[in-house]
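> How does the following fold in three dimensions:
(2 chains)
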Amino acid sequence: MNKQELRLAGSGGQGVILATVILAEAAILSGKHTAQSQAYGPEARGGSCKAETLISDGPIGFTKVQNPTFLMALTQKSFDQYGPEVDEDCLVMIDSTLTPPEGLKAKRVVSLPILDTARNKVGRLQTANIVAVGAINSLVGITDDETITKAVLMHVPKGTEELNMKALLEGKKLAQECGKENKE
Amino acid sequence: MGDVVLMQGNEACVEGALAAGMRLYAGYPITPSTEIAELCALRLPQEGGKFIQMEDEIASIACAIGASVAGVKAMTATSGPGFSLKQENLGYAVLAEIPLVVVDVQRMGPSTGMPTSPSQGDMMMARWGTHGDHPVIALCPSSVKETFDLTVRAFNLSEKFRTPVLLMMDEIIGHLREGMVVPNSEEITIIDRPTVKYPDPKRLPYHMKKGQLVPEMAPFGMGQRYNITGLIHDESGFPTNSVEESEKMMSRLMHKISDNYNSIKDVVTSGLDDADIAVFCYGGTARAAQSAVEEARKKGYKVGIFRPRTIWPFPEKELLKAASKLKRIIVAEHNYGQMVLEVERVVKDNCKIDFVGKWNGSVITPAEILAKIEEA
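Coordinates of the predicted model:
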């Protein structure tokens, strides 16, 4: 049974939870089983935040990620905390401002300018989570472009659709460009 | 059958409540139940109902009780600290026989504890939190879909027996998002309290007609003025110190639940036919147990699951029957040992009882339950 265990980490307010909700929505729209959950500090903003999405072809028992197949970190603090926990086979995606913590076993670390792209290319830092969703979907292969677009539109505030579509596309491009570099 | 939709446990509670006919929610938001209040604020006005944020948890349950007395299906939701505060009025609703659904999305305590961490530490408070002898109905969902279904059932049981029903959720299921198919309204059975539409002003409000399970209710404001009290009362609704009347009242309160045990009990079992070990679990913990049992089966252990969805009244008969064929029962719960006490009380020496508990804010993992299965 094909099972993906995605863990996304950052600081509160970065939209990490929403990113996992969108990925879970994309899984449902693709006819897969999913379980999404989150853990965060009691403070609403600024505390470290971890959210997870399990995606499987079959029914899901335990609802939490145990052996992440994918980890994203948007802050150094969250990378330091969750990076060393993952196996060498786990695909790690980090913001390019971060440096690998001691004890990181993962062999594949993809460093992408997620925050910079959101701030400067899309024009709003708050879209970093959607840039990330675009990159993750491309790297992990959850669903097709049409479905991920639909999932994003189901969960972003009215009036921000255009901005978020741009973010999604920029995220996809980041992942694709990094794929090309690796091949070269 | 509709499409599969992504829904959170707390959202499913609200949608289930609306499907069951809830038209008033009064609450004071508290993590990890807050989404219930948020969604009620959005959805109730759409369905012609009312959402009221009250000044605290005590006022919230009082408001829900008032709405129910007026004939409106009502709910309040909270977590441990708020559930503590609601206990006094919970007892009032039990004695005054007011239908009501109270949701407790459990988080780690005591006191304000760890607000975003899972727990099942309120299970005994659900049973004995309000003072005095009283019957309790409490339900525990283990998935998002089950949260919908059991919320509907909580309303139905509360209407049928004119008593508050507790939906004992936990952070694991409350904050879990997964797929579910929302049932059509034709697929949902709805029970309404027995009501007198045009009451005779001289009617005895707590008089039982022959063959009735509970007295008929006359909604306040519909023509009859009558007394409702938390004091022991007779058929007139007024307080009494009569030994005969108090015996009659208490006996009726207890028996309306105990005599109907068979229609209230709800246990889900799997793999018990050939099992010599059972994992006793409920609520969010069942998900770890499910994965642990699947792993153990692969390793050749004959293990199954005993999972009450109605946790109070405790499924004594079913558990005793299951225990007679078992060598060992492993109780897994997110507390220092609460329902395990009930398992011990019922099972006695019929088989060995082991315990897997958690009280540090983290989640019981399948590996921890599997390790206990393998201890043998």
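
> got the contact list for the helix ranked longest in chain A?
Identified as the longest helix of chain A according to DSSP state H is helix A:161-183. Helix A:161-183 is contacted by residues A:110, A:112-114, A:117-118, A:121-124, A:127-128, A:130-139, A:145, A:148-149, A:152-153, A:156 when judged by Cβ atoms under 8 Å, 6 or more residues apart in numbering or on different chains. The C-beta positions use only the backbone N, C-alpha and C, and glycine is treated the same way.

> do that again at 7 Å, thanks
Residues external to helix A:161-183 that are found in contact with it (Cβ atoms under 7 Å, 6 or more residues apart in numbering or on different chains): A:110, A:112, A:117-118, A:121-122, A:124, A:127, A:130-135, A:138-139, A:148-149, A:152-153, A:156.

> And for stretch A:112-130?
Residues from elsewhere that reach stretch A:112-130 (Cβ under 7 Å, 6+ apart): A:14-16, A:18-19, A:74, A:93, A:95-97, A:131-132, A:135, A:152, A:163-164, A:166-168, A:170-171, A:174, A:178.

> that older thread, just the buried ones among the contacts of helix A:161-183, please.
A:110, A:112, A:117-118, A:121-122, A:127, A:130-135, A:138-139, A:148-149, A:152-153, A:156 (16 or more other Cβ atoms under 10 Å in any protein chain shown).

> So which of these sit within helices?
Secondary structure from DSSP H places A:130-135, A:148-149, A:152-153 of these in helices.

> Chain B contacts on chain A?
With the criterion set to Cβ under 7 Å from any Cβ of the partner chain, chain A comes near chain B through A:21, A:24-25, A:28, A:33-40, A:42, A:61-64, A:66.

> filter these to the buried ones?
The neighbour count (16+ other Cβ under 10 Å) marks A:21, A:24-25, A:28, A:33-40, A:61-64 as buried among the residues of chain A next to chain B.

> Doesn't B:Tyr25 belong to a strand?
Yes - counting by DSSP: H, G, I helix; E, B strand; the rest coil, one finds B:Tyr25 located in a strand.

> Need the three-state assignment for the residue nearest to it when sequence neighbours are not counted.
Excluding the flanking residues, the one nearest B:Tyr25 by Cβ to Cβ, 6 or more residues apart in numbering or on different chains is B:Cys40, at 3.9 Å. Following three-state DSSP, B:Cys40 is assigned to helix.

> pLDDT value on B:Cys40, please?
At B:Cys40, the pLDDT value in this model is 98.

> What of A:Leu104?
A:Leu104 carries a pLDDT score of 96 in this model.

> same question, the one 3 residues further on
With respect to pLDDT, A:Lys107 has a value of 95.

> Report the spatially closest residue to it, excluding sequence-adjacent ones.
Leaving out its chain neighbours, the residue that sits closest to A:Lys107 by Cβ to Cβ, 6+ apart is A:Glu88, at 5.2 Å.

> show me what contacts the one you found?
Shown in contact with A:Glu88 (Cβ under 7 Å, 6+ apart): A:105-107.

> and if you look at A:Ser11?
With Cβ under 7 Å, 6+ apart, A:Ser11 has these contacts: A:46-49, A:75, A:78.

> how close does it sit to chain B?
The gap separating A:Ser11 from chain B is 15 Å, by Cβ to the nearest Cβ, to the nearest Å.

> in the sheet, who's paired with that residue?
A:Ser48 (DSSP bridges).

> How about the stretch 51-200 of chain B: which residue is closest to chain A?
Minimum separation of the stretch 51-200 of chain B from chain A (Cβ to the nearest Cβ) falls at B:Arg177, amounting to 4.0 Å.

> Could you point out which residue ranges in the chain have low pLDDT?
Answering for chain A, as no chain was given. Across chain A, the ranges flagged by pLDDT under 70 are A:1, A:40-46, A:181-184.

> Oops, wrong one, chain B.
Residue ranges of chain B with pLDDT under 70: B:1.

> Determine how far the last residue of stretch B:159-166 lies from the first.
For stretch B:159-166, the separation between the terminal residues is 13 Å (Cα to Cα, to the nearest Å).

> who touches that stretch?
For stretch B:159-166, contacts defined as Cβ under 7 Å, 6+ apart pick out B:90, B:93-94, B:97-102, B:104, B:126, B:135-138, B:154, B:157-158, B:191-193, B:213-214, B:217, B:256-257.
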